[in-house]
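Engineer: This is the structure alone, sequence omitted:
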């Protein structure tokens, strides 16, 4: 029996080094540790789950969707009502053929032309936000909150511009996506009541979906060149298209996955460069390191900590036999520090290559659809930071999100060098 409890809130309040040390212990001595499920209001307690902590085991599970399905819940450990699972999980909580159908329709809109337009937007927005943050810092004590002024608004504004969300609604999108990915953090939710938290979570999803339904109706009447217009008018060769419910769910997924995860990759990257300043100088001196540096930022940050799968039959993985219905939680953060895969995994190395990290998920049909876009956002963001604030310094310890699901930073004070 292990004394480590991945379900306990106290575990996720530990410093990162302590958590990674615990995962190292699990990988070596108990790679399929079993834990009780977290308690959720109005949901009957489940039988528990197996924590998958080794890189090879996660790769095997993720690449075998016929043996380990997503449809019973990919982003929730307890079994939620199926309608709730699909509404909030969108594609990541569906199995084929429904998953393949929605992914195929959405993929029609993620064209090279659209990505090029987005990258131009990222560069302009990053420079604008950094220059505004510099003005505020110079007018004050020389410091500013990097998350509030840069990391949080940048991906949000990119997504909103991409989708055609009016500027008047952008603060609402940020607020509601923060609630969905709060992990129950009382500060984010403004309450420590689980009942209140569940209500806020449900309302946040409904609010985002209603915003998208309104915008979709407008784009059907008057199409523009944004992604919403492309999605509502996208048809496959057989005439298939997204329903309003599917569009709303996809928007929720885009907001939380495309906004919060990129935000935290950038925030965690700034922190890493403060801790390893020689790596910042290496990248600045050699722009050819951009590809490997971005991958290392994602490995180091691992913004999404875990995803769930459910065994569809009795099956053996890594010497362990799972039985039909067993829940497995794939801890990507642990896999990305697996010493059998990564040399010196606790060292941040912008030249690390190859870098088979699982920061965008592992092999299989649910590998992150927006990975290419996220990589380009991160690259452009840091190129802008190095140009405009090459000596940025973190002041004190960042204020971390209390969540098992998102490796987030709520606040991080920085000083201009």
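Structural biologist: That came through fine. The structure displayed is predicted, hence computed values, not measured ones. Numbering: from 1, shown residues only.

Engineer: Confidence-wise, which helix or strand of this protein is lowest on average?
Structural biologist: Least confident helix or strand, the chain: helix 82-89 with a mean of 72, by mean pLDDT, DSSP states H and E.

Engineer: Whatever helix or strand comes next after that helix - contacts with which helices or strands?
Structural biologist: Beyond helix 82-89 in the direction of the C-terminus, DSSP states H and E gives the next helix or strand as helix 98-107. Under the contact definition 3 or more Cβ pairs under 8 Å, 6 or more residues apart in numbering; DSSP states H and E, helix 98-107 sits against helix 244-253. For glycine as for every other residue, the C-beta is placed from the backbone atoms N, C-alpha and C.

Engineer: how far off helix 98-107 does the helix it packs on point, in degrees?
Structural biologist: Interaxial angle, helix 244-253 versus helix 98-107 (axes from the mean of the first three to the mean of the last three Cα atoms, to 10 degrees): 80 degrees.

Engineer: could you list every residue that touches residue 363?
Structural biologist: 59, 62, 63 (Cβ atoms under 8 Å, 6 or more residues apart in numbering).

Engineer: nope, residue 310 is what I was after
Structural biologist: 68, 69, 70, 71, 72, 73, 325, 326, 327, 328.

Engineer: try 7 Å
Structural biologist: 68, 69, 72, 325, 327 (Cβ atoms under 7 Å, 6 or more residues apart in numbering).

Engineer: Ranking by neighbours, what's the top pick from these?
Structural biologist: residue 68 (25 neighbours; other Cβ atoms under 10 Å).

Engineer: partners of the closest residue to it other than its chain neighbours in the sheet?
Structural biologist: What sits nearest to residue 68 in space, not counting adjacent residues and going by Cβ to Cβ, 6 or more residues apart in numbering, is residue 309, at 3.7 Å. As for beta bridges, residue 309 partners with residue 328 under DSSP bridges.

Engineer: where does the stretch 1-150 of the chain dip in pLDDT?
Structural biologist: Applying pLDDT under 70 to the stretch 1-150 of the chain flags the ranges 1-2, 88-89, 112.

Engineer: Do you have the strands of it handy? List them.
Structural biologist: Here the stretch 1-150 of the chain has its strands, by DSSP state E, counting those that start in this stretch, at 34-35, 49-52, 68-69, 143-145.

Engineer: want to try CSV for the ones you listed, with distance to residue 389 as columns?
Structural biologist: Converted to CSV, these look like this (distance: least, Cβ to Cβ, whole Å):
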stretch, distance to residue 389
strand 34-35, 42
strand 49-52, 39
strand 68-69, 44
strand 143-145, 10
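
Engineer: ok, and which of the ones you listed has the densest surroundings?
Structural biologist: Most buried of those, by mean neighbour count (mean count of other Cβ atoms under 10 Å): strand 49-52, with a mean of 25.

Engineer: quick one: contacts of that one?
Structural biologist: By Cβ under 7 Å, 6+ apart, strand 49-52 touches 6, 26, 32-35, 37, 58, 61, 77, 326-331.

Engineer: what do you get for stretch 179-188?
Structural biologist: 178, 189, 192, 197, 200-201, 204-205, 256, 260, 401-406.

Engineer: Just name the closest of the residues you listed to residue 46, please.
Structural biologist: residue 404 (15.5 Å; Cβ to Cβ).

Engineer: Would you mind listing the buried residues in stretch 214-232?
Structural biologist: For stretch 214-232, a neighbour-count test (16 or more other Cβ atoms under 10 Å) marks 215, 216, 218, 219, 226, 227, 228, 229, 230, 231, 232 as buried.

Engineer: Tell me the span between the first and last residue of that stretch.
Structural biologist: 12 Å (Cα to Cα, to the nearest Å).

Engineer: same thing with stretch 336-353?
Structural biologist: 14 Å.

Engineer: by how many degrees do the least confident helix or strand of the chain and helix 244-253 diverge?
Structural biologist: Using the same axes, to 10 degrees: helix 82-89 against helix 244-253 is 50 degrees.

Engineer: Can you tell me which helices and strands helix 82-89 packs against?
Structural biologist: Applying 3 or more Cβ pairs under 7 Å, 6 or more residues apart in numbering; DSSP states H and E, one finds that helix 82-89 makes contact with helix 244-253.

Engineer: just checking, next helix/strand downstream of the helix it packs on?
Structural biologist: Next element after helix 244-253 (DSSP H and E): helix 261-275.

Engineer: and that following helix, what does it pack onto?
Structural biologist: With 3+ Cβ pairs under 7 Å, 6+ apart as the test, helix 261-275 has helix 290-301, helix 371-388, strand 393-394, strand 409-411 packed against it.

Engineer: Relative to residue 92, which of the ones you listed is closest?
Structural biologist: Among the helices and strands packed on helix 261-275, if distance is taken as Cβ to Cβ, the winner is helix 371-388, at 13.1 Å.
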